[in-house]
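J.: fold the following, please.
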Amino acid sequence: INLNFDKQWLTDFPTAERILDDAPYKIIALIDERFNLDFEYEFSLKNNHEIGSKKISNDPKFNKNIKGDIRSIYRRNLKKLEFDTDSIEHLLKEFDSNNLPFGNLAFEFYSFDLDPASMRDYTENADALKKILKEHSGIKVFKGDMRVYDYGEPGNDWLGLDLKRIQNKEWFSNNQNIGYVFLDPIHSVGLIEKTNREGFINNDAYSLFTIVLEKILTEFKASRSSDRSKWLRFNQKESSNLFDNKISAFKTIVESTNLNDKEKKERLLAEADKLEERYEDDRNTLLIPAGVGMTASVALHEIEKLVPRMEETVKSLPFKKSIITEQVDELKQYTEGIISVLRKGGNKPLDLKESVNRSFNNYKVKLSNRRIKYDIVINSEISTIKCDKRFFITMLMNIIDNSIYWLDTIYRKEKRIYLRAFKEDSFVHIMIADNGPGFKDDIADLVRPFFSRKEDGIGIGLYLIDTIMMKYGKFNIITDKARLFDIDVPDEIDGAVVELIFNKNQ
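T.: Numbering: from 1, shown residues only. Have a look, this model is predicted:
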């Protein structure tokens with residue numbers, strides 16, 4: 001990527017270069033017209049080296065062609081604009097054959113945390129930093145050395161960072177960052193400036209421009225979130241003790257305390273046991289609406305878009321019976337998906353084959369539209385497992401939904417999801433794998449609430465699965481190649497692999 005720009009934006013405020021150098025989180029991202037991304041990220045704290053630092057550079061997980069990722073976001077945007085399926089497929093074919101309509105792009109982004117404890121770790125002059133952020137926070141855009149107004153002006157949150165922050169606390173507010181987008185003036189003619197100096201005209205080129213930036217910021221957000229979590233834990237601003245750990249610590253204190261009255265000690269321990277039991281009951285009670293809400297919202301969103309299409313079909317002349325039949329079948333699948341997670345189950349044996357098929361059928365249309373094939377292999381010796389059916393279908397649907405999302409971000413001739421149920425040490429294991437891009441992050445981050453690399457993800461799915469499986473056994477994210485070989489994962493299934501192990505309460 002050949003981009004040469006003079007940093008004349010720094011002349012606005014002489015201390016800016018030092019302030020930017022002090023930023024705890026930084027990225028430089030370059031993308032060429034063929035969607036090849038070069039992504040560099042750095043986390044460091046100038047005044048606190050004990051926490052450690054992190055640098056992502058020349059990493060093939062990040063430095064890659066992101067046309068598939070942009071295509072996936074473009075598809076979702078078209079669906080939000082209520083384009084029908086045929087129109088979406090036509091526009092996606094056009095997208096596949098084109099380069100970026102604004103040429104090469106460079107993006108520099110510096111992000112800060114502004115609580116006093118954090119600021120002490122990276123700056124000596126908190127007042128100067130706050131003043132500069134007040135005057136210059138936001139993301140500015142340049143064509144060559146000419147600034148495009150009014151991007152980056154106070155109050156102009158043109159990429160909607162504040163709204164993202166409201167919807168997911170892992171995002172950051174617009175006033176916490178200073179960013180610069182650099183465009184080549186010769187090749188970015190597709191981005192047309194308005195005559196009133198209020199940004200670019202909202203055309204197809206601008207739509208892709210914002211999608212590319214949102215994709216880069218989503219990658220940055222996930223890496224930033226991981227480092228921010230470690231930073232907070234180090235400064236003890238966020239308790240790392242879960243309720244279970246606190247109860248365990250309390251019991252240890254009671255056991256080790258020299259209480260003369262043995263009866264009082266036993267009563268204290270019994271009370272702790274009751275608290276632990278009550279907490280688990282309350283947690284399970286809350287998990288049901290959480291899982292139902294997440295799963296049902298997917299189907300309800302699809303129904304919301306399907307009903308107007310059905311109305312249009314009914315009113316059309318001549319009446320097309322085949323189309324309305326297909327749409328009624330689609331509506332039936334969505335409603336059955338909602339019902340499957342609403343029906344009260346309880347911890348009784350469920351028909352594994354029926355529940356697995358129901359989970360995949362809930363995504364029948366989505367799988368078909370994206371040409372994703374799936375295989376279900378259940379060993380003949382397994383007929384049932386003991387699990388609340390609502391929990392099981394919710395977990396499986398979350399995993400399938402994740403696979404569909406990430407498979408839609410890659411160009412591959414054959415996209416596949418592979419499920420295998422087998423017994424190991426007399427316990428049932430359910431392995432679900434795909435041939436998508438796989439995982440980029442540490443397992444601890446993947447199951448942490450609100451952590452997500454999805455452009456519109458809320459980061460609850462894998463956390464929910466991990467929490468549910470504590471009751472029934474264990475949730476594994478498999479990255480070890482030897483383990484994949486042991487459980488007979490086909491060689492071509494080389495993406496994300498997860499495993500549900502049912503070895504408790506069976």
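J.: hmm, who's touching stretch 66-80?
T.: 31, 34-37, 87-88, 91-92, 95-96, 207-208, 211-212, 214-215, 305, 405, 408-411, 455-456 (CB atoms under 8 Å, 6 or more residues apart in numbering). C-beta: built from backbone N, CA, C; applies to glycine.
J.: now those: which count as buried?
T.: Buried members of those, scored by 16 or more other CB atoms under 10 Å, are 31, 35, 37, 88, 95, 208, 211-212, 214-215, 405, 408-410, 455.
J.: so for these, which is the shakiest by pLDDT?
T.: Among the buried ones among the contacts of stretch 66-80, E455 carries the weakest pLDDT, at 79.
J.: state the distance from that residue to K221.
T.: Counting by CB to CB, to the nearest Å, the gap from E455 to K221 is 10 Å.
J.: sorry, back to before: next step: the contacts of stretch 66-80 restricted to strands.
T.: Applying DSSP state E to those, the entries found in strands are I31, L37.
J.: give me the domain ranges for this structure.
T.: 8-234, 346-506 (automatic domain parsing).
J.: can you tell which of those domains is closest to Y279?
T.: Counting by CB to CB, Y279 lies closest to domain 346-506 out of those; the figure is 12.2 Å.
J.: which of the buried ones among the contacts of stretch 66-80 lies closest to F319?
T.: Nearest to F319 among those, with distances taken as CB to CB, is I88, at 24.2 Å.
J.: kindly state the beta-bridge partners for V497.
T.: Judged by DSSP bridges, the bridge partners of V497 are A433.
J.: would you confirm that it contacts M431?
T.: Yes. If you go by CB atoms under 8 Å, V497 and M431 touch, sitting 6.7 Å apart.
J.: common neighbours of the two, please.
T.: Shared contacts of V497 and M431, counting by CB under 8 Å, 6+ apart, come down to I478, V489.
J.: hmm, back to that, which one of the domains of the chain lies closest to E311?
T.: It is, among the domains of the chain and with distance given as CB to CB, domain 8-234, at 12.6 Å.
J.: residue contacts, the closest residue in space to Y463 that isn't next to it in sequence?
T.: Nearest residue to Y463, sequence neighbours excluded (CB to CB, 6 or more residues apart in numbering): P449, at 4.4 Å. With contact taken as CB under 8 Å, 6+ apart, P449 is in contact with G459, I460, Y463.
J.: pick the one among those closest to T384.
T.: T384 has its nearest neighbour among the contacts of P449 in Y463, at 26.9 Å by CB to CB.
J.: turn the contacts of P449 into TSV, columns for neighbour count.
T.: Below are the contacts of P449 laid out as TSV (neighbours: other CB atoms under 10 Å):
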residue	neighbour count
G459	21
I460	19
Y463	20
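J.: name the nearest of these relative to L163.
T.: G459 (16.4 Å).
J.: which SS class is that closest one?
T.: Following DSSP: H, G, I helix; E, B strand; the rest coil, G459 is assigned to coil.
J.: count the neighbours of the nearest residue to it once chain neighbours are set aside for me.
T.: Leaving aside its sequence neighbours, G459 sits nearest to S452 (CB to CB, 6+ apart; 3.6 Å). Neighbour count for S452, taken as other CB atoms under 10 Å: 25.
J.: then R267?
T.: By other CB under 10 Å, neighbour count at R267 equals 12.
J.: how far away is E312 from K321?
T.: Taking CB to CB, one finds E312 at 15 Å from K321.
J.: need the contact list for the residue nearest to G459.
T.: By CB under 8 Å, 6+ apart, the neighbours of S452 are N168, E170, A222, I458, G459.
J.: low pLDDT regions in the stretch 51-200 of the chain?
T.: Within the stretch 51-200 of the chain, no stretch has pLDDT under 70.
J.: can you rerun that using 90?
T.: Low-confidence segments of the stretch 51-200 of the chain, defined by pLDDT under 90: 51-52, 76-89, 116-117, 124-128, 131-132, 135-136, 145, 154-155, 166-170, 195-198.
J.: what residues of the longest strand along the chain count as buried?
T.: Identified as the longest strand of the chain according to DSSP E is strand 415-424. Across strand 415-424, burial judged by 16+ other CB under 10 Å covers K415, R416, I417, Y418, L419, R420, A421, F422.
J.: which residues of the protein fall in strands?
T.: 25-31, 37-43, 54-56, 105-111, 138-143, 146-148, 177-183, 349-351, 372-378, 384-386, 415-424, 427-434, 473-477, 497-502.
J.: Throw these into JSON lines and include distance to L331, thanks.
T.: Listed next are those as JSON lines, based on distance: least, CB to CB, whole Å:
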{"stretch": "strand 25-31", "distance to L331": "40"}
{"stretch": "strand 37-43", "distance to L331": "39"}
{"stretch": "strand 54-56", "distance to L331": "45"}
{"stretch": "strand 105-111", "distance to L331": "42"}
{"stretch": "strand 138-143", "distance to L331": "42"}
{"stretch": "strand 146-148", "distance to L331": "46"}
{"stretch": "strand 177-183", "distance to L331": "43"}
{"stretch": "strand 349-351", "distance to L331": "25"}
{"stretch": "strand 372-378", "distance to L331": "21"}
{"stretch": "strand 384-386", "distance to L331": "30"}
{"stretch": "strand 415-424", "distance to L331": "24"}
{"stretch": "strand 427-434", "distance to L331": "27"}
{"stretch": "strand 473-477", "distance to L331": "33"}
{"stretch": "strand 497-502", "distance to L331": "30"}
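J.: out of those strands, nearest to D329?
T.: strand 372-378 (18.6 Å).
J.: and the closest one, how far out from the chain middle?
T.: The chain centroid and the centroid of strand 372-378 are separated by 24 Å under CA atoms, centre = their mean, to the nearest Å.
J.: what does it rub up against?
T.: Contact partners of strand 372-378, identified using CB under 8 Å, 6+ apart, comprise 352-353, 356-357, 360, 367, 403-404, 407, 414-421.
J.: what of stretch 145-163?
T.: 5-6, 8-9, 134-142, 171-174, 177, 179, 181, 185, 193, 197-200, 210, 213-214, 217.
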